[in-house]
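Participant: Here is a sequence with its predicted model. Questions after.
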Amino acid sequence: MADRILTAALETCPTHSGVLRTLAELRFSQERYADAEELARGFVALEPNSEWGWNLLGSSRYLIDDSQGALEAWNQIGRPVVRELRVEGLDPAPDPLRGMRTGWVLTPDRMLLQERRLTDLPSVDGARLAYRPLPNGGARVDVFVLSAPPHPFTAAQLPAHLVRAIRGQVELGAGGLTGPLDRWVVVAWREGSLDHLGGTVSHPAPRGEGIWLWRAGRERGRFDLAPQAADPGEIRESMVGAQWGWVHRPLPRIRGAVSLGFEDRETLGAGPTGGVRVGFEGDPWIFQLEVEAGRAGESFVRSRVDAERVVPLGNGLEVELRGTGISVSAHVPPDLQPRFGADRSATHLMRAGAAVDSDGVVRMAYPGTKWVTGGGELRHWPEWPLGRLLGVAAFLDGVRTVGGGKAAGSRGGVHVGGGLRVRIPGLRDTLRVDWAMDPATGESRLSAAFLAPPGLPELR
């Protein structure tokens, strides 16, 4: 009877706060939480100072699995307050959780910040935060952490090691060797004349917030920058260097890094280097700005800005859009020049070409000092018995030199193609097998390499 009377009253007086409140309470008691949420929303719009209304709105949202919306409603009345904090997967609890102490009001931004700071930790492969409301406006926060393997030869990692070995790469990493939150990684690969050997040790900063990274390595190769070099011909470059970096996430969607190092180069000699990187993880776009500079005989600067967006379309379909702007100074070392191609040594995708030629020499296909590059990819991940592990893709890659450079050679191009995508257990990156064609020349190429997951680059 109350249902019938209140429904009729709402039709007559749709903005009467008393009717909205009473009917919202009735719907909540009937466990019709979606209806209760809609009515409570209308009520607090009329009575924004009602503690009862915000509490009912938050409770209704929580019970329809809108946990973020529930927090936004409860935050209007200073709830919920963290009463308990439980961490599973790491012992002791890491410093990033200092921002989630008991007695603090739980907010969506605070949840997101702590989750992303945990994921940034070197020894963490994944993290998730959830909360459960408690009586009297409290909440219990549950932190679930997937720790990095203690050694690089676990069963889950063996398929990834096999695929890397086939591609001429070795990557060994382990967490917790010198502390519960650290990670050690050693990477070696070779392609043509290019070879790389490097190691990274990362750990939480001993004082303050953020992460420290220590890198050391050696790289060498042969480069042909004839279209833009004053003295045409092949350049041999060899670099040995070390670097310290500090990475910090002050806000949920912003992460910054600074680095200082020292390099000894065959072409320029020895000197200091430094860099700054700022990334913004928006919704849906991800942006990053990076500037690197050094002085070894001659000063050089390299800068780039990246934008990326992944749009889910449903039923296993998604679209990825990416764009990059690059600028280098006149004396930038050859190994810091952008490399366009399909192989692992390429820094930017142009999948109908190769960054390294048949003689193992890195050749500049699009000479210049400023470039705009990017592309798009449509992917479909069908549902298989073991999950969405195998998919198909169609893509377009493009590049264009900009500015008034007089270098000879191609000014840009567009490549199109399609291929397979494989998600390999134990490996974050996705294996791609692609066939691409350059419509302007008719040249085509079959290639296989890895695609990094969307988001800011790995800290390790």
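Facilitator: Cool, got the structure.

Participant: Might one say that R339 is in contact with A355?
Facilitator: Yes - look at R339 against A355 with CB atoms under 8 Å: they come within range, at 3.9 Å. Heads up, the C-betas are built off the backbone N, CA and C, glycines and all.

Participant: so how far is R304 from T154?
Facilitator: In this view, T154 and R304 are 35 Å apart by CB to CB, to the nearest Å.

Participant: quick one: which of the two has more around it?
Facilitator: R304 (20 against 10; other CB atoms under 10 Å).

Participant: List the beta-bridge partners for the more buried one.
Facilitator: Here R304 sits in beta bridges with E290, I326, going by DSSP bridges.

Participant: Pull the contacting residues for it.
Facilitator: Counting by CB atoms under 8 Å, 6 or more residues apart in numbering, R304 makes contact with 289-290, 324-327.

Participant: after the helix or strand bottoming out on mean pLDDT in the chain comes which helix or strand?
Facilitator: Least confident helix or strand of the chain, by mean pLDDT, DSSP states H and E, is helix 2-12 with a mean of 71. Note on helix 2-12: by DSSP states H and E, the next helix or strand toward the C-terminus is helix 17-29.

Participant: gap between that next one and the chain center?
Facilitator: Chain-centre distance of helix 17-29: 44 Å, with CA atoms, centre = their mean, to the nearest Å.

Participant: Roughly how far does the closest residue to R167 other than its chain neighbours sit from G376?
Facilitator: Nearest non-adjacent residue to R167, counting by CB to CB, 6 or more residues apart in numbering: R344, 6.4 Å away. Distance, R344 to G376, by CB to CB: 22 Å.

Participant: likewise L260?
Facilitator: Distance, L260 to G376, by CB to CB: 37 Å.

Participant: cool, E25 as well?
Facilitator: 50 Å.

Participant: So the nearest residue to I424 once chain neighbours are set aside: helix, strand or coil?
Facilitator: The shortest distance from I424 to any non-neighbouring residue, by CB to CB, 6+ apart, is to P159 (5.3 Å). For P159, the assignment made with DSSP: H, G, I helix; E, B strand; the rest coil gives helix.

Participant: So what's the residue count around P159?
Facilitator: With other CB under 10 Å as criterion, P159 counts 13.

Participant: shaky segments in the stretch 1-150 of the chain?
Facilitator: Confidence mapping of the stretch 1-150 of the chain against pLDDT under 70 gives the ranges 8, 10-11, 14, 90-99.

Participant: any shared contact partners between R339 and A355?
Facilitator: 345-347, 362.

Participant: which among the residues you listed gets closest to A270?
Facilitator: Of all the shared contacts of R339 and A355, A270 sits closest to V362, with 22.7 Å by CB to CB.

Participant: give the contact list for the closest one.
Facilitator: Residues in contact with V362 (CB under 8 Å, 6+ apart) are 192-194, 221-224, 334, 339, 345, 355-356.

Participant: For beta bridges, what are the partners of it?
Facilitator: Beta bridges link V362 to F223, V356, judged by DSSP bridges.

Participant: Tell me the spacing between it and R304.
Facilitator: In this view, V362 and R304 are 18 Å apart by CB to CB.

Participant: Could you list the low-confidence segments of the stretch 351-460 of the chain?
Facilitator: For the stretch 351-460 of the chain (pLDDT under 70), the answer is 404-410, 426, 458-460.

Participant: residue ranges for the strands of it, please.
Facilitator: Along the stretch 351-460 of the chain, the segments classed as strands by DSSP state E, counting those that start in this stretch run 362-363, 370-380, 390-401, 412-423, 430-437, 444-451.

Participant: Go through the ones you listed and pick out the most buried.
Facilitator: strand 362-363 (a mean of 25; mean count of other CB atoms under 10 Å).
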